[in-house]
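What follows is a predicted structure for the sequence shown.
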Amino acid sequence: MFQIRRIHDDVLPVNQAALNACGAILLKQIPTATVKEMDRIREALRNPVAGRFKAVVLVAEQGRQVRGFAVLLHEPDLAFTYLDFICAAPEKTSGGLGGALYQRCREEAQALKSQALFFEVLPDHPAWCPDGDTLQQNRARLRFYERWGARPVIHTRWDDGIAEEAPKQGAQDLASKYSTARPMTYLCCDLLGRAQAPERAVARQMLRAVLTRRYEREVSIDARGVISASLRDDYLQLRPYRYTTAKPVRPIADLPGPMPMVVAQGHEKHWVHDRGYYEAPVRIASILEEVMPSGLVHVVPARPWPDLHLRRVHDRDYVQFLADLATSLGQRSIYADVFPPRKRRDPPKDPLVSLGWFCSDSFTPLSAAAIHAARHAVDCALTAADQLVHGHHAAYALVRPPGHHAESRLFGGYCYYNNSAIAAAYLRTKVGRVAILDIDYHHGNGQQEIFYSTTDVLTVSIHGDPIDNYPYYAGFAEETGSGPGKGFNLNIPLPSGSTAEQWRKDGLLPALARVREFAPSVLVLAAGLDTAKADPTGTFSQIAADFHKAGAEIGALALPTLIVQEGGYRTRTLGKNALALLRGFAEGSALVMP
């Protein structure tokens, strides 16, 4: 069995290996192809919003072996897609691979809201293809595409003398006058199940765009104008069915959402009913209510991960302390009320005093349910991170409790294990340099403390000034790292009551500039949404449109991104704000079209 996935970047090692395999298949299967073709594709992936066409690369894999691939070029202004390449490995040219790849191309084009999918096929007329064996191959290929309703475009100078008759002198004159190598192909069109073909004015622009993209050097500007202007029918016309009978075109299935989402399970048992405790189960429900129908995500179940991943960022005795309490507390919830000095080497023996030894505040309770929910949140974050390692461009860990206030040996601020930091440590072992961007209203003191002396994890936090906001003791601008990590921690504290535009101008834009300068392989977005207007824990005023804009600008970094849910406590708007952030990110990173 093989699976088809989309490659969004050439940063992750798994994607680099797949693109190298695609290049080898391309050079072996298409004699006229060159290494520059794959270089061009890589450049398009690096700069998804640069240039007229946006590249979509699909690979069919069996295990870790690439069996085939396809490259689509999407033109968003004219709303069409061009199939640049579709190739299978020499030993895998049958068995349904070609059909599966082409069907996936149609689905991607449909998801991009394309009016039509264009591609080129060698002609099936003997005058243009005198070799008998090649002619039969060409006919078989055109028969294959007719099954989806795709056929050659007719009544243009592109196909003059190709589609229905032997070559006419006019076509040969046009070739000799305007080009050095007239493309001896049919331009085929798949209407993707639409009943109406593009109308003349738009279709002409589409033809010209394809000629410019595919034959910029071979076909002159004048010839492109002549060929595109030769389309005189009111609508683009396709050749009548030749090898199959006209029949309803195969329906296009809805693609799964482009972003895997791993959702916390069993977190509902962690429910503190105390007045003023805002970290409640309804937070997850309110986000799911908005995000699930959007088509942006598809749910991936969490899998269990060993404790060694926790111990990469949390002290061993802290991890053991929480594990022991998870089995001994029963139904009780306890709060720290004694905070001993931490100058002594070992924590106190008394469990209640030890509670204060490992805690940073007096309002975060410990219970078995809280610890189990926090441990499952870690599994969710690592499962989502692993989606990036295996080639996804983005993944969303929808978890509670949050984690960004948890330090290497302290819990607090509703946080027990630092989900974002644990995921970043894992990604560091797989792909190299990692940046953590924390946009929660409250400073991400956990990530700062954990990575404060490291150079391969950049920590950036935009937050309310700790002079009058939690956590009070960390998050000041002068905290930039220590030792070799000096300069690898950036705090951007903003005054209480800052507007959305101030947050963007003075916070987000400098943060993104620092991330670009650092040039990480992967971004971890600690997505706190408590910067929202009327959030009970913050003083900022962002609304859904502001989260959308922020998501788009973060997505435009074009980095593989793990989004980890942190804060956000105004549940009336939390779901809408989460959806706005995800949609903005997907549009900014070209996962979906605006």
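In hand now; what should we look at?

Average pLDDT for stretch 64-84, rounded please.
The average pLDDT for stretch 64-84 rounds to 93.

wait, I meant stretch 394-402
The model assigns stretch 394-402 a mean pLDDT of 97.

Can you give me the buried ones in the helix or strand that contains residue 4?
Residue 4 is located in strand 3-7, with elements delineated by DSSP states H and E. Across strand 3-7, burial judged by 16 or more other C-beta atoms under 10 Å covers 4-7. Just so you know, the C-beta spots here come from the backbone N, C-alpha and C atoms, and that holds for glycine as well.

Throw the residues you listed into JSON lines and include distance to residue 71 and pLDDT, thanks.
Output for those, formatted as JSON lines (distance: C-beta to C-beta, whole Å; pLDDT from 0 to 100):
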{"residue": "4", "distance to residue 71": "13", "pLDDT": "90"}
{"residue": "5", "distance to residue 71": "14", "pLDDT": "90"}
{"residue": "6", "distance to residue 71": "11", "pLDDT": "90"}
{"residue": "7", "distance to residue 71": "10", "pLDDT": "89"}
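
how about those in a markdown table, adding distance to residue 369?
As requested, the buried residues of strand 3-7 are exported to a markdown table (distance: C-beta to C-beta, whole Å):
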| residue | distance to residue 369 |
| --- | --- |
| 4 | 41 |
| 5 | 37 |
| 6 | 39 |
| 7 | 41 |
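
out of those residues, who's nearest residue 35?
Checking the buried residues of strand 3-7 against residue 35 by C-beta to C-beta gives residue 7 as the nearest, at 17.9 Å.

contacting residues around that closest one?
Contact analysis of residue 7 by C-beta atoms under 8 Å, 6 or more residues apart in numbering lists 15, 18-19, 45, 57-59, 391.

Okay, and which of the residues you listed map to strands?
Counted as lying in strands by DSSP state E, out of those, are 57-59.

Name the nearest of these relative to residue 470.
Among the ones in strands among the contacts of residue 7, and counting by C-beta to C-beta, the member closest to residue 470 is residue 57, at 44.1 Å.

measure the nearest residue to that closest one once chain neighbours are set aside to residue 107 for me?
The shortest distance from residue 57 to any residue other than its chain neighbours is 4.3 Å, reached at residue 7 (C-beta to C-beta, 6 or more residues apart in numbering). Using C-beta to C-beta, to the nearest Å, residue 7 is found at 16 Å from residue 107.

and the lengthiest helix in the chain, what's its mean pLDDT?
Counting residues, the longest helix found in the chain (DSSP state H) is helix 368-389. The average of the pLDDT scores along helix 368-389 is 95.

Stretch 461-474 too?
97.

likewise stretch 286-302?
Mean predicted lDDT for stretch 286-302 stands at 95.

How far off centre is it?
In this view, stretch 286-302 has its centroid 15 Å away from the chain centroid, taken as C-alpha atoms, centre = their mean, to the nearest Å.

Next, the distance between the ends of that stretch.
End-to-end span of stretch 286-302 (C-alpha to C-alpha, to the nearest Å): 20 Å.

what does stretch 297-308 give?
For stretch 297-308, the end-to-end distance is 29 Å (C-alpha to C-alpha).

Which SSE is immediately downstream of the one helix or strand in the chain whose mean pLDDT sits lowest?
In the chain, the helix or strand scored least confidently by mean pLDDT, DSSP states H and E is helix 169-178, which has a mean of 43. Using DSSP H and E, the next helix or strand after helix 169-178 towards the C-terminus is strand 186-190.

returning to what we had before: partners of the strand holding residue 4, with directions?
Using DSSP bridges, the strands paired with strand 3-7 are strand 54-62 (antiparallel).
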